[in-house]
Structure formats: C-alpha cells, structure tokens
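S.K.: here are the coordinates; sequence isn't available:
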C-alpha cells in the first residue's frame with residue numbers, strides 16, 4: 001500500500017508541474033503547438049516522448065516547422081523537455097554519442113561498430129537535435145534505460161529519430177532480421193545455440209558499442225562450432241571478422257561490465273537494409289544554430305559553434321548603425337552631421353585634437369574617436385561586451 005501511495009504521490013506531483021508549466025509555455029510559444037504537445041504528453045505511449053523529432057511532430061500535427069521548433073526550445077527553457085545533441089551514424093542511423101550541449105560533441109572521429117564506419121561528425125547530417133520529456137512532467141521508461149526490454153532499448157536509445165522504425169509490431173520486425181537476443185545482467189553469462197545461415201552475421205552489443213562480424217561461407221557442416229565473446233567495461237573496437245561454416249554454433253557470452261549488456265545476433269540481408277533504410281527528416285545542428293529563437297534563448301556563440309546552455313535568459317538583438325552603436329557603448333552622444341559633412345575622421349589628426357580639448361565634451365562620431373574594442377574602460381566608462389545591452393539606449 002505504501003508503494004502504491006508513493007507512486008500515486010510522485011505522479012500527482014508530476015501532473016501538477018505539467019498543469020503549471022503548459023500555461024506558462026503558451027505565453028511565449030505558438031498556442032496550437034503547445035496544445036499538440038500537451039495532448040501528446042497526456043495520451044502518447046512512453047516511446048513517443050523520448051528523442052522527439054520536432055520536424056516529424058510538426059508534420060504529424062500539421063504545424064509550421066519554425067514555430068514548432070521555437071515551441072520545443074521554449075519548452076526546454078522552462079523544464080518541460082530536455083534538449084539533446086546526438087551524433088548519428090550516417091549508415092545505420094544509430095546514436096554514437098548523446099550530448100546535453102553541442103560543446104561536448106567531440107571533433108575527432110566517431111566509430112560505429114554496427115556498420116564498421118568511421119567518420120568525423122558534421123553539423124549537416126550527423127548531429128541531430130531531439131527533445132525528451134522531463135521526469136517532472138511525466139515519468140517514462142526511457143528515464144531508466146537499464147530497465148528497457150532489449151528491442152525497446154534499440155528503438156528508444158540506440159537508434160536516432162532519423163530511422164523510421166515500425167510503430168506497431170517492432171519486436172516481430174526486429175526478430176525477423178536477427179537470430180537471437182539476450183539480456184545479460186552484470187557479471188552474468190549465457191550460452192546460445194544458433195543455426196548459422198550463409199552470409200554475414202553481426203553479434204552487436206549496443207550498450208558498450210561492441211561488435212563481432214562473422215563471415216559464414218563454405219560447405220555446410222553438422223558439427224557444432226563454438227565461439228566465445230566477453231564484454232568489458234569500456235567500448236571495444238570491432239574485432240577482426242571470424243570465418244565459420246553454415247551450421248550449428250554454440251555462442252558463449254560473458255558480461256564483465258558493472259551494468260547490463262544486450263548482445264543480439266543480426267543477419268545482414270535485404271530485409272535488414274529495408275528495415276533500417278526507412279528514414280525521416282530530422283532537426284540538424286546546423287539548422288538549430290541558424291534558428292533565431294535558439295539564438296535569442298541560448299545566446300549561441302556562432303564563432304565557436306556551441307551554445308551557452310547555462311544562460312536561459314532571452315536576449316533580443318537590437319540593430320543600430322555601427323557608428324551609433326559604438327558611440328553608445330563608449331558613453332558618448334553621437335553628433336548630428338551637417339549635410340555633406342564627412343562621417344569618418346583621420347585618426348592621427350583627431351588624436352591631436354582630443355589632446356588639446358581634453359576635459360571638454362567631445363561629441364564627434366568619427367573612427368578616430370571610437371574606443372578600442374579590447375580596452376577595459378574609456379573615459380571612466382566601463383567597456384565590456386557582456387554589459388552592452390545595459391549600456392545601450394532604447
């Protein structure tokens with residue numbers, strides 16, 4: 001009874017948070033998009049609320065894509081969703097690395113053991129942006145991935161939003177392209193009896209991203225063949241392919257990690273290519289970095305290519321002519337120029353004039369009068385890029 005009370009209390013608090021957050025979201029986002037998200041949270045199965053694809057969501061709900069992206073960004077800002085930057089394999093669509101910020105995406109090569117593909121991440125087609133409902137709004141199975149069934153782990157954790165896996169009948173679809181799959185708790189072992197067909201077999205483990213390729217060819221045999229694989233605590237590179245003959249195989253699996261592993265045996269075939277070849281558009285990091293709402297909320301440092309995720313205060317840019325903007329940052333009033341007067345002054349000549357007129361109100365707006373952008377202070381007025389918004393006149 002106590003367990004039931006605790007579960008009810010936890011979900012009651014989550015529902016209370018959701019009831020308070022969605023009206024707040026409507027104040028800054030498109031109302032139709034907010035209504036669609038609220039309906040999804042209350043009615044959809046758990047797997048629909050993890051790694052949500054903003055573009056697919058907009059298509060399903062017949063919404064404008066840019067307004068939908070803006071809605072998800074505002075939802076992440078107030079705590080309804082969590083934003084994730086996922087590095088995808090360009091071949092199978094698997095997630096090679098999940099990151100909470102773009103800064104944590106490595107610039108070196110990523111290796112997909114399942115496809116034996118090594119490639120550097122690019123913002124165009126390898127880094128996706130997805131959104132997951134937070135526990136304060138609704139507790140879903142993906143919040144505890146170590147408890148997901150093996151095939152749900154592949155759908156909700158390993159494969160990105162780019163892969164359009166079947167919504168219904170996922171288990172039967174994956175079992176049709178695999179020989180077997182097993183959940184191995186920490187320190188556990190298992191022995192599988194398999195019948196190997198001719199072709200290429202992949203023994204793949206998605207938690208440690210380890211794979212063993214088996215080239216099955218030659219004359220079929222009735223003699224039982226044996227193979228043993230062990231999984232360590234760190235990600236292992238793909239081992240050299242092993243050659244076996246079609247026929248029975250005794251596969252021994254040893255989990256030496258501190259967590260659960262999920263080894264599965266895949267058959268490379270046209271059916272597998274068709275299953276993983278169904279793709280849908282997804283929100284790329286490149287499109288996200290060019291989104292104005294993202295810039296306003298996170299103050300993206302475009303030069304460095306990463307968001308300042310710790311800053312959640314909106315910053316609306318103010319566009320002014322360069323001369324006026326610089327003069328205001330320096331704490332001076334720009335001079336109104338007479339018709340035909342030159343806007344630019346000669347630096348050397350103006351420097352001498354400033355020395356002679358030191359202490360007077362110099363209101364010229366020429367380049368020679370502008371402060372050095374790298375200086376700490378000009379004329380006793382603090383100069384810092386971070387304070388530019390406070391120093392600008394409305």
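M.R.: Looks like it arrived, so ask away. This one's a predicted model, so the numbers in the text were calculated from it and none came from an experiment.

S.K.: can you give me phi and psi for residue 232?
M.R.: Listed backbone geometry of residue 232 is phi -90, psi -180, with angles given as degrees, to the nearest 10.

S.K.: Tell me where the model's unsure across the stretch 101-250 of the chain.
M.R.: Across the stretch 101-250 of the chain, residues meeting the criterion (pLDDT under 70) sit at 104, 106-108, 119, 121, 123-124, 234-239.

S.K.: Strands along that one, start to end?
M.R.: In chain order, the stretch 101-250 of the chain shows strands spanning 110-112, 117-119, 127-133, 178-181, 189-196, 199-205, 210-216, 225-231, 242-244, 247-255, with DSSP state E, counting those that start in this stretch as the criterion.

S.K.: what about these, which gets the closest to residue 76?
M.R.: Evaluated over those, closeness to residue 76 peaks at strand 127-133, with 6.4 Å, by CB to CB. C-betas here are computed from N, CA, C, even on glycine.

S.K.: Summarise which helices and strands that closest one is packed against.
M.R.: Here strand 127-133 touches helix 54-60, helix 65-78, strand 81-88, helix 285-289, going by 3 or more CB pairs under 8 Å, 6 or more residues apart in numbering; DSSP states H and E.

S.K.: Dump these into a markdown table; add mean neighbour count as well.
M.R.: Output for the helices and strands packed on strand 127-133, formatted as a markdown table (neighbours: other CB atoms under 10 Å):
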| stretch | mean neighbour count |
| --- | --- |
| helix 54-60 | 19 |
| helix 65-78 | 22 |
| strand 81-88 | 22 |
| helix 285-289 | 20 |
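
S.K.: Quick check: which of the ones you listed is nearest to residue 205?
M.R.: Residue 205 lies closest to strand 81-88 among the helices and strands packed on strand 127-133, at 18.6 Å (CB to CB).

S.K.: which secondary structure elements does that closest one contact?
M.R.: helix 65-78, strand 95-99, strand 127-133.

S.K.: could you dump the helices and strands packed on strand 127-133 to a markdown table with mean pLDDT?
M.R.: As requested, the helices and strands packed on strand 127-133 are arranged in a markdown table below (pLDDT from 0 to 100):
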| stretch | mean pLDDT |
| --- | --- |
| helix 54-60 | 95 |
| helix 65-78 | 95 |
| strand 81-88 | 90 |
| helix 285-289 | 89 |
